[in-house]
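Colleague: Quick one: sequence plus predicted model below, questions after.
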Amino acid sequence: MTIIVAKPGEVQFPKGMEGVIARETTKGYVDGQKGKLYYHGIPIEEIAEHSTYEEVFFLLMYDKLPTKDELSILEMRMRQYREIPDAVYDFIKSRAGGYNVHPMSILRTAVSMLAPFDDASEEQAAAEREAIKITSRMATITAAIGRVRRGLEPIHPRYELSHAANFLYMYLGEDQDDFMNRLMDVLLILHADHGCNASTFATLVVISTLADMYSAIVGGISALKGPLHGGANERAMAMLDEIGSEKDAEPWILNAIAKKKKIMGFGHRVYKAYDPRARILHSYAEEITKRAGTERWLNIASTIERVMIAKLGAKGIFPNVDFYSGTVMSSMGIERRLFTPIFATGRVAGWAAHAVEQLKDNRIYRPRFIYVGPVDASYTPIDER
Ligand SMILES: CC(C)(COP(=O)(O)OP(=O)(O)OC[C@H]1O[C@@H](n2cnc3c(N)ncnc32)[C@H](O)[C@@H]1OP(=O)(O)O)[C@@H](O)C(=O)NCCC(=O)NCCS
């Protein structure tokens with residue numbers, strides 16, 4: 001494109017960079033028309049059924065499923081990095097509870113705080129090791145934030161547990177059964193990667209300047225915070241709470257559609273079909289809501305889904321991952337405000353893998369604007385304005 005100065009609206013461009021190709025990747029692929037998601041070619045359904053978060057992290061980082069030895073080395077490295085500095089616990093204890101601060105802000109600051117405690121944080125050559133450290137430690141930070149928000153002391157990580165089981169232990173304070181641990185694993189797996197979404201792109205923009213991995217991941221966390229991206233899960237759950245009962249769900253949603261409200265947990269830039277992650281979570285939601293006695297949420301959600309698809313399905317609007325993840329996490333005993341930090345705790349695998357991939361073949365991201373402001377304006381001294 002050569003025109004860079006124009007009148008407003010004169011030059012057509014895809015707003016929100018829709019359809020613009022940022023780079024090549026071997027990590028994941030979203031087929032939005034068919035409603036399919038693949039991690040390095042493997043359908044998400046197969047991964048969610050058979051894999052673990054640690055294995056998915058390996059797959060995304062190294063573009064292959066690990067052998068037993070390779071997996072146990074990565075698991076060992078992740079376990080070894082779990083603990084966070086006392087100063088970071090102190091910060092979380094001092095700011096995460098009792099203040100009107102979103103836990104994503106605490107997470108963002110806490111991850112940033114890790115860097116000065118890490119001698120290798122500025123080393124480009126250490127990017128891969130830094131990626132493993134940060135991925136491991138985000139779970140500790142998120143769990144600690146969740147504890148402090150409930151007026152409890154953070155719990156230090158245990159080393160014999162899997163990443164998912166250790167997270168639940170640190171957050172809930174006791175060992176969970178196999179179903180709960182598996183569900184946590186699936187939640188982290190389903191959030192691990194999703195194409196060139198806003199937070200992954202933010203991570204890439206930062207790493208493409210050759211800034212360090214911590215800065216890049218903080219960029220990802222910052223972009224994920226917003227309600228149009230990772231913040232939608234919390235708002236979708238707030239909507240279910242506001243509706244309150246199954247009988248009120250249909251009139252509530254019809255009224256919202258009539259008012260052209262954006263319904264959180266629906267719609268997607270790429271998916272114009274049912275998000276496969278929502279389908280997987282829906283089946284887990286059936287089981288966990290039964291166990292927790294929270295079927296009410298699932299019933300409200302199912303009614304909303306039915307009406308939304310009947311009214312807006314033709315426009316390609318279907319539930320996305322954020323719609324059922326809230327019902328699932330609430331039923332697991334996780335408070336609403338922690339949903340987005342947990343999304344980040346899963347997505348960090350994708351951010352890190354894409355950042356390492358970017359560094360192997362880097363060129364700084366530097367798109368352009370079309371300038372539609374005044375030209376040849378002159379400077380007016382302040383007293384004459
Ligand atoms: C995800 C999202 C940001 C994608 O945005 P986008 O690609 O820019 O799509 P747009 O916002 O331009 O929406 C396109 C059309 O679908 C409608 N639409 C999109 N999402 C909708 C939703 N959740 N509820 C109702 N209508 C929706 C828009 O109103 C618009 O309609 P119009 O063409 O008549 O104006 C958007 O669907 C959204 O805000 N969803 C709710 C938040 C959410 O769940 N985010 C998590 C994504 S994983």
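Modeller: Perfect, I can see it now. Residues are numbered from 1 along each chain as shown.
Colleague: Close to the ligand: what parts of the stretch 201-350 of the chain are there?
Modeller: Residues of the stretch 201-350 of the chain found near the ligand (C-beta under 6 Å from any ligand atom) are 228, 232, 262-269, 312, 315, 317, 320-322. Any C-beta I mention is one placed from the backbone N, CA and C, and that applies to glycine too.
Colleague: Quick one: mark the members of these that sit in helices.
Modeller: 232, 312, 321, 322 (DSSP state H).
Colleague: ok so, going back, ChimeraX command to pick out the buried ones of the residues of the stretch 201-350 of the chain next to the ligand?
Modeller: Only the buried members of these end up in this ChimeraX selection, burial being decided by 16 or more other C-beta atoms under 10 Å:
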select :232,263,264,265,266,267,268,269,317,320,321,322
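Colleague: of the residues of the stretch 201-350 of the chain next to the ligand, closest to the ligand?
Modeller: Set against the ligand, the nearest of those by C-beta to the nearest ligand atom is residue 267 (2.4 Å).
Colleague: where does the closest residue to that closest one other than its chain neighbours sit relative to residue 300, distance-wise?
Modeller: In this structure, residue 267 finds its nearest non-sequential neighbour in residue 317, 4.7 Å apart by C-beta to C-beta, 6 or more residues apart in numbering. If you measure residue 317 against residue 300 using C-beta to C-beta, to the nearest Å, the figure is 18 Å.
Colleague: swap in residue 127?
Modeller: Separation of residue 127 from residue 300 (C-beta to C-beta): 44 Å.
Colleague: Same check on residue 55?
Modeller: Counting by C-beta to C-beta - residue 55 and residue 300 are separated by 35 Å.
Colleague: and these two? which has more neighbours close in?
Modeller: Per other C-beta atoms under 10 Å, whichever of residue 55 and residue 300 has more neighbours is residue 300, with 25 against 19.
Colleague: where does that one fall, helix, sheet strand or coil?
Modeller: What DSSP: H, G, I helix; E, B strand; the rest coil gives for residue 300 is helix.
Colleague: Now it: closest residue in space that isn't a chain neighbour?
Modeller: The shortest distance from residue 300 to any non-neighbouring residue, by C-beta to C-beta, 6+ apart, is to residue 249 (4.6 Å).
Colleague: ok, now which ones touch that neighbour?
Modeller: 243, 299, 300, 303, 304, 307 (C-beta atoms under 8 Å, 6 or more residues apart in numbering).
Colleague: And the pLDDT at the last one?
Modeller: Model confidence at residue 307, given as pLDDT, is 96.
Colleague: Show the contacting residues for the residue nearest to it when sequence neighbours are not counted.
Modeller: Leaving aside its chain neighbours, residue 307 sits nearest to residue 253 (4.8 Å; criterion: C-beta to C-beta, 6+ apart). For residue 253, the contact set (C-beta under 8 Å, 6+ apart) comprises 243, 263, 303, 304, 307, 308.
Colleague: And for the first one, nearest residue in space, chain neighbours not counted?
Modeller: Here the nearest residue to residue 243 in space, its sequence neighbours aside, is residue 252; by C-beta to C-beta, 6+ apart that works out to 4.9 Å.
Colleague: Tell me which helix or strand the one you found sits in.
Modeller: helix 246-258 (DSSP states H and E).
Colleague: Could you tell me how far that helix lies from the centre of the chain?
Modeller: 28 Å (C-alpha atoms, centre = their mean, to the nearest Å).
Colleague: Which SSE is immediately downstream of it?
Modeller: Following helix 246-258 in sequence order, the next helix or strand is helix 276-292 (DSSP H and E).
Colleague: For that next one, output the C-alpha coordinates as PDB.
Modeller: This file holds the C-alpha atoms of helix 276-292, laid out as PDB (Å, rounded to 0.1, in the frame of the first residue of the first chain):
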ATOM      1  CA  PRO A 276     -14.800 -27.100  19.600                       C
ATOM      2  CA  ARG A 277     -13.400 -26.000  23.000                       C
ATOM      3  CA  ALA A 278     -16.900 -25.000  24.100                       C
ATOM      4  CA  ARG A 279     -18.200 -28.400  23.000                       C
ATOM      5  CA  ILE A 280     -15.600 -30.200  25.100                       C
ATOM      6  CA  LEU A 281     -16.300 -28.000  28.100                       C
ATOM      7  CA  HIS A 282     -20.000 -28.500  27.800                       C
ATOM      8  CA  SER A 283     -19.600 -32.200  28.200                       C
ATOM      9  CA  TYR A 284     -17.400 -31.700  31.300                       C
ATOM     10  CA  ALA A 285     -20.000 -29.100  32.600                       C
ATOM     11  CA  GLU A 286     -22.700 -31.800  32.700                       C
ATOM     12  CA  GLU A 287     -20.600 -33.900  35.000                       C
ATOM     13  CA  ILE A 288     -19.100 -31.200  37.300                       C
ATOM     14  CA  THR A 289     -22.400 -29.400  37.700                       C
ATOM     15  CA  LYS A 290     -24.000 -32.700  38.800                       C
ATOM     16  CA  ARG A 291     -21.300 -33.300  41.300                       C
ATOM     17  CA  ALA A 292     -21.400 -29.700  42.600                       C
END
